[in-house]
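In: Provided below are the primary sequence and the corresponding predicted coordinates.
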Amino acid sequence: MKRSIVLTLCVLLASCSNDTAPRNTGVYMLLDTSGTYAEELIKAEQIIRFTLSRLDASDSFAVARIDTGSFSERDIIAKASFDDRPSAINRQKRLFAQQVSEFVENAKPAPYTDITGGLLQAVEFLNEKGTGTKTILIFSDLKEDLEKGYIRDIDVELEGFDVIALNVTKLRSDNIDPREYLDRLNAWQGRVEKTGGQWRVINDLDGLEGLL
Amino acid sequence: MSFMLGITPWPAVSALLWIVLINAALYLIRNTVHKAIQAAAQGLHRSFRMASKAVSRSETNLAVRNRDVLLAAGREAKERIIEREFDRINETVRKDLANYSALHRSLSESIGRIEKDHQEAVDVPPDPPGWVKAVGAVADMDAKDGRAHIGSILSDIHKSLVKAHKEAMTAYHAASAKRHKLLRHMRPDWRKIQQTLAAVGKSVDSLLSRSVTIDRHMQEYEDMIHGHDRAMSVLSSSSLVNFFVSAFVLCIAIGGATINFSLIARPMAEMVGGTSLIGDFRTADIAALVIILVEISMGLFLMESLRITRLFPVIGALPDKTRVRMIYITFTILFLLAGVEAGLAYMREVLLHDELATSALLRGDAGATATGEYMWITTAAQMGMGFILPFALTFVAIPMETFVHSLRTVLGLMVISVLRALALALRLLGNIFLYLGTLLQQVYDLPLFVPLWIEERMAKAEARGASDQGLKGARL
């Protein structure tokens, strides 16, 4: 009798034990606000809203701009770790969308483009959140333009990260020499995959279904 | 192969030599091989036969047990039916015949009143006024004979008599009217008596029909007590019917429970969180399921307390006072849970609207957030369902009881069929092995046809020699 009780308790405890691996999703989106790319922010807002609609309880989402020095918390426009109550999630999503809208309306072009700094900040944020899947969305033309004195020649540890470049527009120079565009993409893919990350490019914003 | 064909310079001779050698070897060990094949075949045959017999015994035991279970269940059900019939008779007697003395008194009073009225209404005709005619005749004579003074006296007498007669007739008419009135008063009494007697007749008829039903049930009960085959077949078929019908109703109930679950699982996330897991399942889902299971349990207890079902004998055996308390407690819990469900159903609708509004906002379709004028209908319907479904699920106890009881019998019948098929298969296998042994012996003898033919010839020759010697000996 005693043995059967112990056995039953063990089975119950085993069934109650939670899988320690987190199952939530973390998304960090970098918005390029440099030069003419600032005009593309309307599209970025659509992507953010789509992402918000896909996220659920206990997921984390942050949107940050890429400017002269992006490795800073000050560049985060909006961030949220969603509650596990549905009503609270809806409130958080509405607030998030509102913050992004306000930013898009008042965004000013940045003189420089520090993508690496933003990537570092994204990795730090998502690692801190400890989410199950980590996705970094880069809404940029991927043309990095650093101010003099900024050191960004560093490897970013991207093991377990999905890095997705969105709306990588072609620059005027790319039209003259498309190799520049391809080289730019290949360079970023090399950087990401070198440190264990997964790289993807989505330019057709109508096909966002596979984004998350 | 080349080695075998190379034992002589001529392969054909080598092959022939090998055939002769192998034949000889096979012939020499023939008896031993035959015995071995026979022993193996017999062994397998017996083993399978034994297994078949064991399975058949199990099947018989199970059939007996199943029969006992079926009869016991049938007896119990029949006892309940008879008990209910007696309850009904008791109720009829208590309700309709308990006040028989009052009824009798009422009938006697009515009859007494009728008798009295009848006596009073006896018609006594007035005396025939013959002397009035005599006086008339005298008066007529007076007119003829010229005796005016007598005539006038008699005429006065005649007048006063006519007057008296008229008064008597008036009194008689009044008395007749009074009698008719009395007779009219008797009519409600007659009707009352008729109605009372009809009611009594109806009660007695009802009792008689119930007694016929009880007789029929008692006959069936006796059949069950004696274990008659007819009772068994009736019980088996009714058990199967009960099983399928109750399974069908339970499937419907499961559908209802699933709808109930979908009504409350979503808002449950608001209470216990949407991300926590127990095992591989969301805590909110488990909480919703627990609420539904608690409701079903309460329904079961309520039905038990009401003595509609008898799944828990302990509850049925409780003192009436405790049982009634239990009815109130379980009903209160059920009512509260139904209220909680209605609240959760409302919450679900609110959450749904909130989510739709958020989705519309995220899509940039703000117009879609406007709710329709008649949305309150769906909200009310959901709340109503949330409140009603727990009570509807209460009645699951009835088919569940039937299902549980019939399941034993149906499972027993199924296992019996399986065991019967298994016994047949084992028996068949045993026979197959037996004949397989004989076949193997024949197949073994097939290549040995030459030595066997020689053996047969030699045996015949020996037999012939022995018989010749016998004949010679007889002649000598």
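Out: Looks like it came in fine.

In: What's the per-residue pLDDT of the residue nearest to the spatial centre of chain B here?
Out: When C-alpha atoms, centre = their mean is applied to chain B, the residue found nearest the centroid is B:Asn242 (5.4 Å). At B:Asn242, the model reports a pLDDT of 88.

In: Have a look at the chain and report its longest helix.
Out: Using chain A. Looking across chain A with DSSP state H, the single longest helix is helix A:86-106.

In: you looked at the wrong chain, it should be chain B
Out: Chain B, longest helix under DSSP H: helix B:148-225.

In: Now do the helix or strand following it against helix B:148-225, angle only.
Out: Note on helix B:148-225: by DSSP states H and E, the next helix or strand toward the C-terminus is helix B:229-272. Orientation check (axes from the mean of the first three to the mean of the last three C-alpha atoms, to 10 degrees): helix B:229-272 against helix B:148-225 gives 80 degrees.

In: Parallel or antiparallel, which strands does the helix or strand that helix B:229-272 is followed by pair with?
Out: Later in the chain than helix B:229-272, the nearest helix or strand by DSSP H and E is strand B:277-278. Sheet pairing here is set by DSSP bridges, and for strand B:277-278 it gives strand B:281-282 (antiparallel).

In: ok now the helix or strand just after the partner strand, how far from the chain's centre?
Out: Sequence-wise, the next helix or strand downstream of strand B:281-282 (DSSP H and E) is helix B:283-305. How far helix B:283-305 lies from its chain's middle: 26 Å, per C-alpha atoms, centre = their mean, to the nearest Å.

In: re earlier: so what's the residue nearest to the centre of chain B up against?
Out: B:Thr402, B:Phe403, B:His405, B:Ser406 (C-beta atoms under 8 Å, 6 or more residues apart in numbering or on different chains). Quick note: C-beta positions are derived from backbone N, CA and C, even for glycine.

In: Would you mind naming what in the stretch 351-476 of chain B lies close to chain A?
Out: When proximity is defined as C-beta under 8 Å from any C-beta of the partner chain, the stretch 351-476 of chain B approaches chain A at B:Leu351, B:Asp354, B:Glu355, B:Ala357, B:Thr358, B:Ser359, B:Leu361, B:Leu362, B:Arg363, B:Gly364.

In: by contact count, what packs against the longest helix of chain B?
Out: Using 3 or more C-beta pairs under 8 Å, 6 or more residues apart in numbering or on different chains; DSSP states H and E as the contact test, the elements touching helix B:148-225 are helix B:30-92, helix B:100-120, helix B:130-145, helix B:229-272.

In: weakest of the ones you listed by average pLDDT?
Out: Taking the mean pLDDT of those, helix B:130-145 comes last: a mean of 60.

In: mind showing which ranges of chain A have poor pLDDT?
Out: A:1-20 (pLDDT under 70).

In: Which residue ranges of it form helices?
Out: Going by DSSP H, chain A shows helices at A:2-16, A:41-54, A:86-106, A:115-129, A:172-176, A:178-194.

In: Ok, the stretch 301-450 of chain B next?
Out: Remark: helices assigned in the stretch 301-450 of chain B by DSSP state H, counting those that start in this stretch are B:313-316, B:320-363, B:375-394, B:397-445, B:449-475.

In: can you redo these as a markdown table with mean neighbour count and mean pLDDT?
Out: Below are the helices of the stretch 301-450 of chain B laid out as a markdown table (neighbours: other C-beta atoms under 10 Å in any protein chain shown; pLDDT from 0 to 100):
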| stretch | mean neighbour count | mean pLDDT |
| --- | --- | --- |
| helix B:313-316 | 12 | 86 |
| helix B:320-363 | 17 | 90 |
| helix B:375-394 | 17 | 89 |
| helix B:397-445 | 16 | 92 |
| helix B:449-475 | 10 | 83 |
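
In: could those helices go into a markdown table alongside distance to B:Ser237?
Out: Listed next are the helices of the stretch 301-450 of chain B as a markdown table, based on distance: least, C-beta to C-beta, whole Å:
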| stretch | distance to B:Ser237 |
| --- | --- |
| helix B:313-316 | 27 |
| helix B:320-363 | 35 |
| helix B:375-394 | 29 |
| helix B:397-445 | 11 |
| helix B:449-475 | 61 |
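
In: which other residues reach the longest helix of chain A?
Out: A:41-42, A:44-45, A:48-49, A:52-53, A:55-57, A:61, A:63, A:65, A:77-78, A:80, A:82-83, B:266, B:269-270, B:274, B:350-351, B:354-355, B:357-358, B:361-362.

In: go with 6 Å
Out: A:41, A:45, A:48-49, A:52, A:57, A:77-78, A:80, A:82-83, B:269-270, B:351, B:354-355, B:358 (C-beta atoms under 6 Å, 6 or more residues apart in numbering or on different chains).

In: likewise stretch B:387-397?
Out: B:253, B:256, B:260, B:295-296, B:299-300, B:302-303, B:309, B:337-338, B:341-342.

In: For the residues you listed, which two are the farthest from each other?
Out: The span of those, defined through C-beta to C-beta, is set by B:Thr309 and B:Ala342 at 26.3 Å.

In: Count the residues that sit near A:Pro22.
Out: 14 (other C-beta atoms under 10 Å in any protein chain shown).

In: That one and A:Gly132 touch, don't they?
Out: Yes. When contacts are counted by C-beta atoms under 6 Å, A:Pro22 is listed as touching A:Gly132 (4.2 Å).

In: Where does the stretch 101-250 of chain B get nearest to chain A, residue-wise?
Out: B:Leu250 (26.2 Å; C-beta to the nearest C-beta).

In: For B:Arg310, which non-adjacent residue is closest in space?
Out: Of all residues not flanking B:Arg310 in the chain, B:Gly316 sits nearest, at 5.5 Å (C-beta to C-beta, 6 or more residues apart in numbering or on different chains).

In: Sorry, wrong one. I was asking about A:Leu212.
Out: A:Arg54 (4.8 Å).

In: Roughly how far does that neighbour sit from A:Val163?
Out: 18 Å (C-beta to C-beta, to the nearest Å).

In: higher neighbour count, those two?
Out: Using other C-beta under 10 Å as the criterion, A:Arg54 and A:Val163 rank with A:Val163 on top: 26 against 16.

In: Is the more buried one bridged to anything, and to what?
Out: A:Ile136, A:Trp199.

In: Is it in contact with A:Glu193, as I believe?
Out: No. Using C-beta under 6 Å, A:Val163 is not in contact with A:Glu193; the gap is 9.1 Å.

In: quick one: common contacting residues for these two?
Out: Contacts common to A:Val163 and A:Glu193, judged by C-beta under 6 Å, 6+ apart, are A:Trp199.

In: which phi and psi does A:Leu146 have?
Out: Phi and psi for A:Leu146, reported as degrees, to the nearest 10, are phi -90, psi 150.

In: Weed out the non-buried ones from the contacts of stretch B:387-397.
Out: B:253, B:256, B:260, B:295-296, B:299-300, B:302-303, B:309, B:337-338, B:341-342 (16 or more other C-beta atoms under 10 Å in any protein chain shown).

In: Tell me the one of the residues you listed nearest B:Val69?
Out: B:Thr309 (18.5 Å).

In: where does that closest one land on pLDDT?
Out: Looking at B:Thr309, its pLDDT reads 87.

In: cool, the one 10 residues further on as well?
Out: Reading off the per-residue confidence, B:Pro319 sits at a pLDDT of 90.

In: burial of it, as a residue count?
Out: Residues near B:Pro319, counting by other C-beta under 10 Å: 8.

In: Look up how far B:Arg307 lies from it.
Out: Taking C-beta to C-beta, one finds B:Pro319 at 13 Å from B:Arg307.

In: do B:Ala24 as well
Out: 88 Å.
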